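Visitor: Provided below are the primary sequence and the corresponding predicted coordinates.
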Amino acid sequence: MQPLVRGLTWPVVSLVLIGASHLVGEMVRPELHDAIGPAVAMPIYLVAGAWAAFGTIRAGGSISIGLVAAAILGLLPVGLQLIGFGLVLARDPAAVTTAALFGWLGVFWGGSLGMGLARGAAMPDVHP
């Protein structure tokens with residue numbers, strides 16, 4: 001359990017700060033919804049998921065625990081979309097649900113990349 005906690009701590013803090021500032025920004029200026037779309041969110045999701053999986057594996061977790069870390073971290077964008085934008089800002093339920101799934105998948109895909117990077121970095125150098 002400790003590698004999971006160690007690998008998730010800072011990615012969770014970062015995504016909470018990003019998500020909270022995003023929600024507050026759109027509360028203050030709803031037009032930000034048009035500027036902050038999938039092309040802006042996906043790189044953040046990929047990096048956060050990769051960071052979580054990479055950190056978890058480097059902290060001693062297995063590949064599967066690294067992917068579990070990404071899957072858990074992916075629940076943050078889901079919560080932001082369903083609760084923040086769905087309930088608080090009363091956005092269209094279909095759009096919010098699609099964005100929530102997009103967020104979870106983006107973080108999980110990033111976790112898959114981070115898992116590969118962590119395992120590749122742990123491989124011994126085999127140059128002749």
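Guide: Good, I have the coordinates. Numbering: from 1, shown residues only.

Visitor: the nearest residue to residue 82 once chain neighbours are set aside: which element?
Guide: Sequence neighbours aside, residue 100 is the residue nearest to residue 82 in space, at 5.4 Å (criterion: CB to CB, 6 or more residues apart in numbering). C-beta coordinates here come from the backbone N, C-alpha and C atoms, glycine included. Residue 100 is located in helix 93-121, with elements delineated by DSSP states H and E.

Visitor: packing partners of the helix or strand bottoming out on mean pLDDT in the chain?
Guide: Using mean pLDDT, DSSP states H and E, helix 32-35 stands out as the lowest-scoring helix or strand of the chain, at a mean of 90. When contacts are defined as 3 or more CB pairs under 8 Å, 6 or more residues apart in numbering; DSSP states H and E, helix 32-35 packs onto helix 2-28.

Visitor: residues of the helix it packs on that come out buried?
Guide: Of the residues in helix 2-28, those with enough neighbours to count as buried (16 or more other CB atoms under 10 Å) are 3-4, 6-8, 11-12, 14-15, 18-19, 22-23, 26.
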